[in-house]
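# structure here, sequence nowhere to be found:
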């Protein structure tokens with residue numbers, strides 16, 4: 001065959017190769033898109049399946065923070081990882097069906113946004129890793145882990161040291177309102193049982209009495225109006241429902257000239273007198289890390305939010321900061337009180353401190 005004929009036919013031999021490469025690219029994109037709406041199955045080829053992460057939370061904002069945390073950790077959402085959020089259904093077992101559904105979809109990991117969701121996830125599986133953001137219950141007391149250093153199960157995440165948090169909260173409230181002799185804790189059923197018990201124990205050491213009142217169905221404004229005449233300091237404990245009502249509670253307490261504090265940092269942002277507790281958003285953003293993607297469940301440790309806003313530390317206590325709204329200075333004896341001296345507010349702002357502009 002003439003040499004020029006072979007040169008003319010050379011591109012023809014390359015065409016099937018290019019077409020095959022293009023077809024593989026198209027097939028890969030179709031495969032990624034198909035995984036978004038189908039169960040994860042082992043691939044026929046050596047190509048790895050895209051992992052799925054199930055998120056159990058009613059808070060759309062929390063899920064969005066988690067997704068942004070994945071992106072910040074260099075994950076391509078919907079290409080390298082798929083996130084599926086499920087909300088809770090009405091009723092006592094509101095998370096059970098959602099947790100079972102995500103387990104049936106063979107997710108690679110579960111993220112639980114509160115105590116009830118974490119418990120439902122733990123009941124649904126003992127094999128899939130669970131990341132809990134639980135500032136309502138105790139990791140050991142709830143049976144999620146045997147110890148912080150050696151949890152021995154499939155649960156990791158953030159949990160709150162209520163002894164430390166409630167002690168600092170009562171001290172700060174006592175310093176802010178020296179005449180207060182009684183605290184009224186606003187509760188939300190089982191979600192706040194441990195907090196209420198710990199608050200009583202720590203307040204007793206400061207010679208403060210503690211009563212409790214449930215939020216109920218009457219609404220936050222009606223509740224604050226009912227208890228305002230009692231001349232007590234209100235303590236809003238931490239739960240997803242109470243946090244969602246933070247703004248209404250804080251504004252009503254201000255209107256009724258009632259001292260109020262929160263066990264979650266957002267309460268100070270909403271206008272409350274002060275707050276002592278964790279910051280939920282940074283915890284959700286901090287969880288996604290590539291180095292954990294292939295760790296076995298038994299190797300995961302229960303981690304706690306550090307005081308300095310740095311990396312989580314295993315086996316350490318949560319030490320969130322007191323938060324004070326900047327537009328409401330504390331006073332004592334007619335003079336302005338020094339916040340740093342009385343309420344241990346850190347000089348440098350971080351993810352755990354609250355400061356309302």
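The structure has been received and is ready for your questions. If you're wondering where the values come from, they're calculated on a predicted model, not measured in any experiment. Numbering: from 1, shown residues only.

# how many other residues sit next to residue 257?
7 (other CB atoms under 10 Å). In this view, the C-beta of every residue, glycine as well, is placed from N, C-alpha and C.

# check the one 4 residues further on too.
Taking other CB under 10 Å as the neighbour definition, residue 261 ends up with a count of 27.

# next SSE downstream of the host helix or strand of it?
Using DSSP states H and E, residue 261 sits in strand 260-262. Where DSSP H and E defines the elements, the next helix or strand beyond strand 260-262 is helix 266-269.

# any idea how far residue 58 is from residue 133?
Distance, residue 133 to residue 58, using CB to CB, to the nearest Å: 13 Å.

# which residues are common contacts for the two?
Contact with both residue 133 and residue 58 is made by residues residue 113, according to CB atoms under 8 Å, 6 or more residues apart in numbering.

# domain parsing of this protein, as residue ranges.
Residue ranges for the domains of the chain, per automatic domain parsing: 52-160+281-314, 162-277+324-343.

# now mean pLDDT too, for these, in a markdown table please.
As requested, those are exported to a markdown table (pLDDT from 0 to 100):
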| stretch | mean pLDDT |
| --- | --- |
| domain 52-160+281-314 | 78 |
| domain 162-277+324-343 | 80 |
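
# what about the helices in the stretch 151-300 of the chain?
162-176, 193-205, 220-228, 240-244, 246-255, 266-269, 280-286 (DSSP state H, counting those that start in this stretch).

# can you give me the strands for the stretch 51-200 of the chain?
Taking DSSP state E, counting those that start in this stretch to define them, one finds strands in the stretch 51-200 of the chain at 52-56, 82-86, 109-112, 130-134, 155-159, 182-187.

# which residues are in contact with the third one?
Outside strand 109-112, the residues that touch it by CB under 8 Å, 6+ apart are 51, 53-57, 66, 95, 99, 102-103, 118, 120-121, 125, 128-134, 157, 284, 287.

# on that earlier part again, may I see the strands of the stretch 51-200 of the chain organised as CSV, with distance to residue 243 and mean neighbour count added?
Compiled in CSV, the strands of the stretch 51-200 of the chain are given as follows (distance: least, CB to CB, whole Å; neighbours: other CB atoms under 10 Å):
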stretch, distance to residue 243, mean neighbour count
strand 52-56, 16, 25
strand 82-86, 18, 19
strand 109-112, 16, 26
strand 130-134, 12, 26
strand 155-159, 15, 26
strand 182-187, 11, 21
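
# can you redo those strands as TSV with distance to residue 70?
TSV is the format used below for the strands of the stretch 51-200 of the chain (distance: least, CB to CB, whole Å):
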stretch	distance to residue 70
strand 52-56	8
strand 82-86	7
strand 109-112	11
strand 130-134	12
strand 155-159	16
strand 182-187	34
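
# what's the closest of the ones you listed to residue 233?
strand 182-187 (5.3 Å; CB to CB).

# got the contact list for the closest one?
Here strand 182-187 has contacts from 170, 173, 192-193, 195-196, 199, 203, 208-215, 223, 227, 230, 232-237, 242, 249, using CB under 8 Å, 6+ apart.

# so of the helices of the stretch 151-300 of the chain, which one's packed in deepest?
A comparison of the helices of the stretch 151-300 of the chain by mean neighbour count, using mean count of other CB atoms under 10 Å, puts helix 266-269 on top with a mean of 25.

# who are the packing partners of that helix?
Counting contacts by 3 or more CB pairs under 8 Å, 6 or more residues apart in numbering; DSSP states H and E, helix 266-269 packs against helix 246-255, strand 260-262, strand 274-276, strand 322-323.

# nearest to residue 162, of those?
Judged by CB to CB, the one of the helices and strands packed on helix 266-269 that comes nearest to residue 162 is strand 274-276, at 10.7 Å.
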